[in-house]
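Student: Coordinates only, no sequence provided:
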Ligand code: GLA
């Protein structure tokens, strides 16, 4: 990547990067104060940062020829109310700068202006959180250069605030935490209420396993439609049950929930409550019996999202069924749903045949060709040079 800043008269201070993530299990549980178990992947977004002395922030990206520039002092007036004036991709880094300044109460006059130049190899719209990759890279860079001294959880909170208020997507905090806390060969088991995170060895490579990503190329956006509706149904369910969040229910509460709510709300609640349990079971099973034993939990997670939460699409179902028929130990859609990617845990030798089987099944179904590749648990956001 180029480390040359776009504007003149500035000096590149350094390059930082943040990874995308896959979620192994625990979907739509984060904003219900529940449990998730994602890991950071080797696909990353890099940002070259150059300081400038005029109190302005300029963001540019290899995806868009038009840079966006604004005075740091004007960010507070822009977000959240006037965010529509900013082109969507630029709301992520500018939103992070805004959220960091708000979180620390830093005087805008005391921090330096910056040029941020982004490049990325995280597939966009694939459910691999290209947005968290931008946010974590930006947060890590500005935290260092502005000397804010924030810890990783505080940086994740700033990323989520940018996503919620500057972009307008009502997401939880899983993606930012995964992207900031990632470790090679390990997953991040996260309690989304306390924000306590545990690093859990995945052991895929020693077991001869790969995690295959099947990007269906069906695009989705969480700032519109289905995601927010699902979140509202969960909040409704929690209110009916008289709890602060669905995290406070267990599987034993489901019969009572069924009596009290309409069928759709009940099924949304049942997904979240059983998914929280599946995350706990997956972590325990991984520790006791190793990665080969978690397949049925991945499969059950998919069925729950398909039938109860209703966020799958035919392409994701076909990817999951075909991967499983081709020998995957377990498979499920990953991420927010309505498109994006499925994951399949599979023996190393079966990656080629399973890829061919999924590609052929997509041709037969008349679906667009999927993009299929493996991912490996990788390090979280960091300074690279
Ligand atoms: C998206 C959101 C996350 C999470 C997942 C679903 O990735 O950004 O916060 O809610 O969907 O698990």
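Tutor: Right, received. Where do you want to start? Predicted model only: the values in this text are computed from it and were never measured.

Student: now the lengthiest strand in the chain, how far from the chain's geometric center?
Tutor: As assigned by DSSP state E, the longest strand anywhere in the chain is strand 35-52. Relative to its chain's centre, strand 35-52 lies at 11 Å (CA atoms, centre = their mean, to the nearest Å).

Student: What average pLDDT does the helix or strand following it get?
Tutor: Next in sequence after strand 35-52, counting helices and strands by DSSP states H and E, comes strand 56-61. For strand 56-61, mean pLDDT rounds to 98.

Student: Could you pull out the buried residues of strand 56-61?
Tutor: 56-61 (16 or more other CB atoms under 10 Å). In short, each C-beta sits where N, CA and C put it, glycine included.

Student: That one packs against which elements?
Tutor: strand 64-71, helix 88-104, strand 113-120 (3 or more CB pairs under 8 Å, 6 or more residues apart in numbering; DSSP states H and E).

Student: Show me the one of those that comes nearest the ligand.
Tutor: Each of the helices and strands packed on strand 56-61 has some distance to the ligand by CB to the nearest ligand atom; the shortest is helix 88-104, at 12.2 Å.

Student: Which other helices and strands does the closest one contact?
Tutor: Judged by 3+ CB pairs under 8 Å, 6+ apart, the packing partners of helix 88-104 are strand 56-61, strand 64-71, helix 75-78, strand 113-120, helix 130-145, helix 152-161.

Student: before we move on, the earlier item: list just the one of the helices and strands packed on strand 56-61 that sits closest to residue 174.
Tutor: Residue 174 sits nearest to helix 88-104 of all the helices and strands packed on strand 56-61, at 16.3 Å, using CB to CB.

Student: residues of the closest one that come out buried?
Tutor: 89-101, 104.

Student: As CSV, the residues you listed with pLDDT and distance to the ligand would be great.
Tutor: Compiled in CSV, the buried residues of helix 88-104 are given as follows (pLDDT from 0 to 100; distance: CB to the nearest ligand atom, whole Å):
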residue, pLDDT, distance to the ligand
89, 95, 16
90, 97, 19
91, 98, 15
92, 98, 12
93, 98, 17
94, 98, 19
95, 98, 14
96, 98, 15
97, 98, 20
98, 98, 19
99, 98, 16
100, 98, 19
101, 98, 23
104, 96, 23
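
Student: Need the three-state assignment for the closest residue to the ligand within the stretch 201-350 of the chain.
Tutor: Using CB to the nearest ligand atom, the single residue of the stretch 201-350 of the chain nearest to the ligand is residue 336, 3.1 Å away. Here residue 336 is recorded as coil under DSSP: H, G, I helix; E, B strand; the rest coil.

Student: Near it, how many other residues are there?
Tutor: 24 (other CB atoms under 10 Å).

Student: Likewise for residue 298?
Tutor: Residue 298: 23 surrounding residues under other CB under 10 Å.

Student: Assess the claim that it and residue 333 are in contact.
Tutor: No. Counting by CB atoms under 8 Å, residue 298 does not reach residue 333; the two are 10.2 Å apart.

Student: Can you name every helix or strand that the top helix by length along the chain contacts?
Tutor: The single longest helix within the chain, with elements called by DSSP state H, is helix 263-289. For helix 263-289, the contact count by 3+ CB pairs under 8 Å, 6+ apart identifies strand 11-25, strand 35-52, strand 196-201, helix 226-241, helix 254-260, helix 295-307 as packing neighbours.
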